[in-house]
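S.K.: everything below, folded, please.
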Amino acid sequence: MAENQDTETGATPVVAPTKKETAASSASVEPRFAKEQFQDSKQFTQIEKDTLSVLLEDEQDYTISEARRVLAEWLKKEVK
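M.R.: Residues are numbered from 1 along each chain as shown. Below is the predicted model of the structure:
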């Protein structure tokens, strides 16, 4: 039997994450930005900024990857 397994049930005990593991996981969370903040971003072209100002909701915050996904989905739409 493995060293970390419970001898009666054979299950591996659940261990709570350490402070270091918790800090590392929270550090990987992307920051969120208001729609207006994308207008000052150097990560988007002026055309992308203009498009985001129309596509993003006023009261919602977005990560940069979410904003890029919104742009990509909009660009894939068929022209009517």
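S.K.: give the buried residues for the helix or strand that Leu75 is a member of.
M.R.: Following DSSP states H and E, one finds Leu75 within helix 64-76. Buried residues in helix 64-76, defined by neighbour count with 16 or more other Cβ atoms under 10 Å: 67, 70-71. Backbone N, C-alpha and C define where each C-beta goes, glycine included.
S.K.: and of the residues you listed, the nearest to Gln46?
M.R.: Lowest distance from Gln46 to these (Cβ to Cβ) belongs to Leu71, with 13.1 Å.
S.K.: verify the stated contact: the closest one with Thr51.
M.R.: Yes - contact status for Leu71 versus Thr51: in contact at 6.2 Å, counting by Cβ atoms under 8 Å.
S.K.: picking that back up, which outside residues touch the helix holding Leu75?
M.R.: Defining contact as Cβ atoms under 8 Å, 6 or more residues apart in numbering, one finds that helix 64-76 is touched by 30, 33, 38, 41, 43-44, 48, 51-52, 55-56, 62.
S.K.: filter those to the buried ones?
M.R.: Buried subset of these (neighbour count, 16+ other Cβ under 10 Å): 33, 38, 44, 48, 51-52, 56, 62.
S.K.: helices - which of these land there?
M.R.: Counting by DSSP state H, the buried ones among the contacts of helix 64-76 place 48, 51-52 in helices.
S.K.: low-confidence ranges in the protein?
M.R.: Scanning the chain for pLDDT under 70 picks out the ranges 1-27.
S.K.: please redo it, this time with the cut-off set to 90
M.R.: Residue ranges of the chain with pLDDT under 90: 1-30, 79-80.
S.K.: redo the contacts of helix 64-76 as TSV? Include distance to Lys80.
M.R.: Compiled in TSV, the contacts of helix 64-76 are given as follows (distance: Cβ to Cβ, whole Å):
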residue	distance to Lys80
Glu30	33
Phe33	30
Phe38	26
Ser41	29
Gln43	30
Phe44	25
Glu48	22
Thr51	17
Leu52	21
Leu55	16
Leu56	22
Tyr62	26
